[in-house]
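In: sequence unknown, structure follows:
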Ligand SMILES: Cc1cc2nc3c(=O)[nH]c(=O)nc-3n(C[C@H](O)[C@H](O)[C@H](O)COP(=O)(O)O)c2cc1C
């Protein structure tokens, strides 16, 4: 079965980012995918301290909730990362999780011990303003986050002009796009991964 992990980067539960992620996960479920959502703000994830223990054996020396996240990231066939724009980047909560994935980067590029597995990832981002370059920085961050675990950047939903809590509810067309993003992700995985 296709496994899809949703990573919710907003501290606001059931607000714009969270609602769109739920819709994308529903789209994936409509294709038979098994979905799980993690709410980063509810986890205890310290920022990377650059101890570089992971360069020796691929494991972070810090013991916290990342212990439960690494295996879930590696088991997933698809990842949906969703974040509000905070100062033209992803939220600090999500960035901490991403930085701790230096351990996966080390497994892939230093130790060559990351098991080969094809993964696909998509990105949902929500911001209040409407600038052309609003999502540029965060897209780069997410692309290289995906690369650390050999996931291909396979799609995005970038939503401008949404600020207040739950304001996205007034934009039903965006929910349609979110559903389609999750559905297409699951379809692409089914097409490219041999199913057991
Ligand atoms: C600390 C902080 C920084 C923000 N920085 C930006 C920004 O750089 N660009 C932008 O368009 N919106 C910015 N916003 C607005 C949020 O992206 C916006 O309110 C979004 O809808 C929040 O999504 P949520 O309800 O899912 O948390 C910022 C909000 C906060 C609280």
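Out: In hand now; what should we look at? Just so you know, these numbers come straight off a predicted model, no measurement behind them.

In: Show me the strands in this protein, by range?
Out: Counting by DSSP state E, residue ranges of the strands within the chain are 3-8, 34-39, 78-84, 119-126, 151-159.

In: Between strand 34-39 and the first one, find me the angle.
Out: Calculated by axes from the mean of the first three to the mean of the last three CA atoms, to 10 degrees, strand 3-8 forms an angle of 20 degrees with strand 34-39.

In: what about strand 3-8, average pLDDT?
Out: Per-residue pLDDT values over strand 3-8 give a mean of 98.

In: what do you get for the second one?
Out: If you average the pLDDT over strand 34-39, you get 98.

In: quick one: buried residues of it?
Out: Of the residues in strand 34-39, those scored as buried under the neighbour-count criterion (16 or more other CB atoms under 10 Å) are 35, 37, 38, 39. Any C-beta I mention is one placed from the backbone N, CA and C, and that applies to glycine too.

In: and what of the longest one?
Out: Along strand 151-159, these residues count as buried under the neighbour rule (16+ other CB under 10 Å): 151, 153, 154, 155, 156, 157, 159.

In: any idea how far the residue sitting nearest the centre point of the chain lies from the ligand?
Out: The centroid of the chain falls nearest to residue 81 when counting by CA atoms, centre = their mean (2.2 Å). When CB to the nearest ligand atom, to the nearest Å is applied, the distance between residue 81 and the ligand equals 13 Å.

In: Let me see the contact set for the closest residue to that residue other than its chain neighbours.
Out: For residue 81, ignoring the flanking residues on the chain, the nearest one in space by CB to CB, 6 or more residues apart in numbering is residue 7 at 4.8 Å. Contact criterion CB atoms under 8 Å, 6 or more residues apart in numbering gives 37, 38, 40, 79, 80, 81, 82, 94, 97 as the residues in contact with residue 7.

In: Closest one of these to the ligand?
Out: Proximity to the ligand was ranked across those by CB to the nearest ligand atom; first place goes to residue 82, at 8.0 Å.
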